[in-house]
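*Asks:* model the structure of this input:
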Amino acid sequence: MGLLQVVITLGLIMLLVKPVGSYLVHVFSYEKNGLDRVFAPIERVSYRIMGVHEKEEMGWKKYVGAVLLVNFVMLIFVYTVFRIQSYLPLNPDGLGNVPSALAFNTAISFMTNTNWQAYSGENTLSYFSQMVAITFPMFTSAATGFAVAVAFIRGLVGRQDNLGNFYVDLTRGITRVFLPLSFIVALFLVFQGVPQTLQGAVDASTLEGAKQTITRGLVASFESIKHIGTNGGGWFGTNAAHPFENPTPLSNLIHIVCMMLLPTSLVYAFGLMIKNKKQGWTLFATMGIIFLVMVATVFYAEYRGVPAVDAMGVHGNMEGKEVRFGLSETALFTAVTTAATTGSVNSMHESLTPLGSIAPFAEMMMNNVFGGKGVGLLNGLLYLILAVFICGLMVGRTPEFLGKKIEGKEVKLAAIAILIHPLIILAPTALALTRPESITSIANQGMHGLSEVLYAFTSGAANNGSAFAGLSANTNFYNLGIGLVMLVGRYSSIIVMLAIAGSLATKRIVPVTTGTLRTNTPLFAGILMMIIIVIGALTFFPALALGPIAEHLAAH
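*Replies:* Below you'll find the predicted structure:
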């Protein structure tokens, strides 16, 4: 029955890929279409307020500048709201200002679509902060990722350094994708019992006569954009395991579908935008096979359970999981949230079996298994460029992708982006394990303790945001360290990918010949998959061998 639940959920996602992907092509096409009658008037007002010229074209440098400028201004705004929230309205529970290091970390977290939380939302942030400084960047960060991915695609097929207009792409993503979908999902979640109110906490008496304070809030609207935008932050500290965020198996299904909906559809839209559906499906198949392996790994590991406990007659690992979801939906949620770089959790990942925890580790370390808004596609294309280059070396000719030659400049930029990712994971982890004050934040010593620290920096670098839940990360070291890792992890790849797009956009199309390497075949998909796995294994296997792999072997 559990396997059937997983199959039905993934089947539902696959049914939505093509229609949603086609819709995304219409959204980010500058050609007039039927959507303009509904959304264009609202967008034109927004452009006038911002002083944006809708028809202005941007080269890659100008596009990067616009991305960084908008994100920097919003980052300062969000940080300021956290620091003065006690003086702002909509604070019925009288919460104080957020400390500076935590405000720095949280502002970066939500601006980079990471949504790492070193705090419990219901006890730290006012309703005003949750709405203005949390929910607002959930929309803009997701739309930014979409805009960058679409700009890169334009560079692949373009004939000049014109990647579109960032402000237009950002606005269209919010008005035509995220707002409508979030509104629909929020209404459904209210129907499932998720609170949506501006009233403060309420006191209640338990059946035993004890007093209990029940926190409420604008949870349904928060949850909708949290998963549609692959953001992942929780209104409550326990995230999607909390019954007010995720009350029923049906709401759990909707959360999973929402997390995978846009990342999978964007890969299909990529094939449509380059007018080569086979190329899109080749990339989709590569990501999909890796994802299914990860799902199977978590599924098997959690059903297999812990050997010592299994010997006592307790089968399966239900530690840290909600009974209303069970093992199957928890295993699928774990694989989905780290594949889509959402970071939302409906169980505590620290309670996974060591083998089960390897899957979320691997998905975040590879960071290209569909990924969040645009991130997975961009990182997948990074590896694709590298695969084309390696294949070109093997056959002794200049590598080409979509009729454009991949030369030294593009390969160097791709290599830089690929190398930055492990650097900002492994170096801070090593530093944390040499500092006595940061070691004291680890709940468990030995192999599991190493995994806690490694997971935290991996989550930050991949802009995922999920936590292993055993690390007390609300310290100055971790707030500043993980904050800087999130910044570099987000914007280094954006800058590099747009630079590659600008370089490719100016190259002429090379005619296809009998010697041209076809990149839309099952053979190339297999090559791409092996390159992703080999690079990931060579980079991260030593660290994993000291953590979850060693712990798995010790358990047996």
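*Asks:* hey, let's count contacts and neighbours off CA atoms from now on
*Replies:* Fine.
*Asks:* list the contacts for residue 2?
*Replies:* 327-329 (Cα atoms under 8 Å, 6 or more residues apart in numbering).
*Asks:* what's the host helix or strand of residue 266 packed up against?
*Replies:* Taking DSSP states H and E as the definition, one finds residue 266 inside helix 249-273. Under the contact criterion of 3 or more Cα pairs under 8 Å, 6 or more residues apart in numbering; DSSP states H and E, helix 249-273 touches helix 2-28, helix 219-228, helix 277-304, helix 326-339, helix 375-395.
*Asks:* let's have those helices in a markdown table, adding mean pLDDT and distance to residue 485.
*Replies:* As requested, those are exported to a markdown table (pLDDT from 0 to 100; distance: least, Cα to Cα, whole Å):
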| stretch | mean pLDDT | distance to residue 485 |
| --- | --- | --- |
| helix 2-28 | 93 | 30 |
| helix 219-228 | 94 | 21 |
| helix 277-304 | 94 | 25 |
| helix 326-339 | 94 | 17 |
| helix 375-395 | 87 | 16 |
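*Asks:* so can I have JSON lines of those showing distance to residue 545?
*Replies:* What follows is the helices and strands packed on helix 249-273, written out as JSON lines (distance: least, Cα to Cα, whole Å):
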{"stretch": "helix 2-28", "distance to residue 545": "29"}
{"stretch": "helix 219-228", "distance to residue 545": "32"}
{"stretch": "helix 277-304", "distance to residue 545": "17"}
{"stretch": "helix 326-339", "distance to residue 545": "20"}
{"stretch": "helix 375-395", "distance to residue 545": "24"}
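*Asks:* quick one: the most centrally placed residue in the chain and residue 502, what's the gap?
*Replies:* With distances taken as Cα atoms, centre = their mean, the residue of the chain nearest its centroid is residue 341 (2.4 Å). Separation of residue 341 from residue 502 (Cα to Cα, to the nearest Å): 26 Å.
*Asks:* so where's the stretch 151-300 of the chain shaky on pLDDT?
*Replies:* Nowhere does the stretch 151-300 of the chain drop to pLDDT under 70.
*Asks:* which SS state does the residue nearest to the centre of the chain fall under?
*Replies:* Under the three-state scheme (DSSP: H, G, I helix; E, B strand; the rest coil), residue 341 adopts coil.
*Asks:* any chance you could map the strands in the protein?
*Replies:* 202-205, 211-214, 400-401, 404-405 (DSSP state E).
*Asks:* among these, which comes closest to residue 493?
*Replies:* strand 400-401 (19.7 Å; Cα to Cα).
*Asks:* ok so, going back, quick one: which of the contacts of residue 2 is nearest residue 57?
*Replies:* Nearest to residue 57 among these, counting by Cα to Cα, is residue 329 at 45.4 Å.
*Asks:* how many other residues sit next to the closest one?
*Replies:* Per other Cα atoms under 10 Å, the neighbour tally for residue 329 reads 24.
*Asks:* show me what contacts it?
*Replies:* 2, 5-6, 252.
*Asks:* just the buried ones from those, in ChimeraX syntax?
*Replies:* A single ChimeraX command is used to select the members of the contacts of residue 329 judged buried by 16 or more other Cα atoms under 10 Å:
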select :6,252
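*Asks:* how many neighbours does residue 326 have?
*Replies:* 14.
*Asks:* then residue 12?
*Replies:* Count around residue 12 with other Cα under 10 Å applied: 14.
*Asks:* and residue 309, by the same measure?
*Replies:* Count around residue 309 with other Cα under 10 Å applied: 12.
*Asks:* now the residue lying closest to it once chain neighbours are set aside: how far from residue 295?
*Replies:* In space, and not counting its chain neighbours, residue 309 is closest to residue 315: 7.4 Å by Cα to Cα, 6 or more residues apart in numbering. Applying Cα to Cα, the value for residue 315 to residue 295 is 19 Å.
*Asks:* same question, residue 360
*Replies:* 9 Å.
*Asks:* give the residues shared as contacts by those two.
*Replies:* In contact with both residue 360 and residue 295: residue 335, using Cα under 8 Å, 6+ apart.
*Asks:* now, among the contacts of residue 329, which is nearest to residue 64?
*Replies:* For the contacts of residue 329, the nearest to residue 64 is residue 252 (36.8 Å; Cα to Cα).
*Asks:* so that closest one touches residue 245, yeah?
*Replies:* No - using Cα atoms under 8 Å, residue 252 is not in contact with residue 245, being 9.4 Å away.
*Asks:* ok so, going back, distance to residue 222 for the contacts of residue 2 - can I get that in JSON lines?
*Replies:* As requested, the contacts of residue 2 are exported to JSON lines (distance: Cα to Cα, whole Å):
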{"residue": "327", "distance to residue 222": "26"}
{"residue": "328", "distance to residue 222": "25"}
{"residue": "329", "distance to residue 222": "22"}
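*Asks:* on that earlier part again, would TSV of the contacts of residue 329 with distance to residue 284 be doable?
*Replies:* Formatted as TSV, these follow (distance: Cα to Cα, whole Å):
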residue	distance to residue 284
2	25
5	22
6	19
252	24
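*Asks:* so which of the contacts of residue 329 is the closest to residue 439?
*Replies:* Among the contacts of residue 329, and counting by Cα to Cα, the member closest to residue 439 is residue 252, at 35.0 Å.
*Asks:* dump the residue contacts of that closest one.
*Replies:* Residue 252 touches 246, 325, 329, counting by Cα under 8 Å, 6+ apart.
*Asks:* returning to what we had before: for the contacts of residue 2, which one is nearest residue 279?
*Replies:* residue 329 (31.5 Å).
*Asks:* look up how far residue 258 lies from that closest one.
*Replies:* 15 Å.
*Asks:* residue 477 and residue 440 touch, don't they?
*Replies:* No - counting by Cα under 8 Å, residue 440 is not a contact partner of residue 477; they are 11.5 Å apart.
*Asks:* quick check, pLDDT for the residue nearest to residue 472 when sequence neighbours are not counted.
*Replies:* Nearest non-adjacent residue to residue 472, counting by Cα to Cα, 6+ apart: residue 441, 4.8 Å away. At residue 441, the model reports a pLDDT of 91.
*Asks:* same question for residue 469.
*Replies:* pLDDT, residue 469: 78.
*Asks:* surely it meets residue 347?
*Replies:* No - in this structure residue 469 lies outside contact range of residue 347 using Cα under 8 Å: 9.8 Å.
*Asks:* the two: who's more crowded?
*Replies:* residue 347 (25 against 19).
*Asks:* and the more buried one, how close does it get to residue 323?
*Replies:* 10 Å.
*Asks:* shouldn't residue 235 be in contact with residue 219?
*Replies:* Yes - with contact defined as Cα under 8 Å, residue 235 reaches residue 219; the gap is 6.4 Å.
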